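A.B. asks: Quick one: sequence plus predicted model below, questions after.
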Amino acid sequence: DAGVTQSPTHLIKTRGQQVTLRCSPKSGHDTVSWYQQALGQGPQFIFQYYEEEERQRGNFPDRFSGHQFPNYSSELNVNALLLGDSALYLCASSLGTNIQYFGAGTRLSVL
Amino acid sequence: GNSVTQMEGPVTLSEEAFLTINCTYTATGYPSLFWYVQYPGEGLQLLLKATKADDKGSNKGFEATYRKETTSFHLEKGSVQVSDSAVYFCALGQGGSEKLVFGKGMKLTVNP
């Protein structure tokens, strides 16, 4: 049984560019949450998707957007990248509870 | 809003030492409480959880008890191993599928 998988593992972008990160949830899970983890900090909630709709959103600007597909996989898009967007982006999946299973993350570096 | 405050490190211990990592929370109602562990270069793994007051979560020799009266969920292990070296995060969640709120994490290094 595959767990949560994220791609790519590492990414380097320059300021102003756009990036798309991908996540496949654990088999059977229908809810996907995205978190940003800055170096030396705890993860911060970005948003959560359920039934292809954004259900909750954290305190992140509109440059951060997402999508969930009918197969429950999800994308995180960030436009107009800033240096401060450099972080580990974590995807987590769940099914009807707040017990979330995390992927290994995508390390984004913005130069 | 909800928040989690946890003991910050880094902390270095010798193998077989006793470990306590303090965690307190602020929340309305009755949140679920979690400890996650992050090994170098990896994502977060759920270590243990407790969903109501006085519940004790345990896993791999780690334990934490949900104390509503002190709003705490301290993590303990009686004898740490080198393989326990990691970053430990305390977190809370409310509702069926609510977001998780994390503390800042504590880096633990265990030396042989």
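C.D. replies: Done, it's in.
A.B. asks: Please verify my assumption that residue A:73 contacts residue A:21.
C.D. replies: No. Using Cβ atoms under 8 Å, residue A:73 is not in contact with residue A:21; the gap is 11.5 Å. In this view, the C-beta of every residue, glycine as well, is placed from N, C-alpha and C.
A.B. asks: Neighbour count: the two, which is higher?
C.D. replies: residue A:21 (21 against 17; other Cβ atoms under 10 Å in any protein chain shown).
A.B. asks: can you pull the contacts of the more buried one?
C.D. replies: By Cβ atoms under 8 Å, 6 or more residues apart in numbering or on different chains, residue A:21 lies in contact with A:6-8, A:11, A:75-78, A:89, A:91, A:106, A:108.
A.B. asks: and the residues you listed, which are buried?
C.D. replies: A:6, A:75-76, A:78, A:89, A:91, A:106, A:108 (16 or more other Cβ atoms under 10 Å in any protein chain shown).
A.B. asks: Redo those residues as JSON lines? Include secondary structure and distance to chain B.
C.D. replies: Below are the buried ones among the contacts of residue A:21 laid out as JSON lines (DSSP: H, G, I helix; E, B strand; the rest coil; distance: Cβ to the nearest Cβ, whole Å):
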{"residue": "A:6", "secondary structure": "strand", "distance to chain B": "8"}
{"residue": "A:75", "secondary structure": "strand", "distance to chain B": "18"}
{"residue": "A:76", "secondary structure": "strand", "distance to chain B": "15"}
{"residue": "A:78", "secondary structure": "strand", "distance to chain B": "19"}
{"residue": "A:89", "secondary structure": "strand", "distance to chain B": "10"}
{"residue": "A:91", "secondary structure": "strand", "distance to chain B": "8"}
{"residue": "A:106", "secondary structure": "strand", "distance to chain B": "10"}
{"residue": "A:108", "secondary structure": "strand", "distance to chain B": "14"}
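A.B. asks: Could you export these as TSV, including pLDDT?
C.D. replies: As requested, those are exported to TSV (pLDDT from 0 to 100):
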residue	pLDDT
A:6	97
A:75	98
A:76	98
A:78	98
A:89	97
A:91	97
A:106	96
A:108	97
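A.B. asks: Please identify which of those is nearest to residue A:34.
C.D. replies: Residue A:34 lies nearest to residue A:76 out of these, by Cβ to Cβ, at 5.0 Å.
A.B. asks: got a list of what that closest one touches?
C.D. replies: Contacts for residue A:76 were tallied using Cβ under 8 Å, 6+ apart; they are A:20-21, A:23, A:34, A:46, A:64-66, A:89, A:91.
A.B. asks: if we go to 6 Å?
C.D. replies: Residue A:76 makes contact with A:21, A:34, A:66, according to Cβ atoms under 6 Å, 6 or more residues apart in numbering or on different chains.
A.B. asks: nearest to residue B:73, of these?
C.D. replies: Comparing the contacts of residue A:76 against residue B:73 with Cβ to Cβ picks out residue A:34 as the nearest, at 24.7 Å.
A.B. asks: you'd agree the closest one is in a helix?
C.D. replies: No. Secondary structure of residue A:34 (DSSP: H, G, I helix; E, B strand; the rest coil): strand, not part of a helix.
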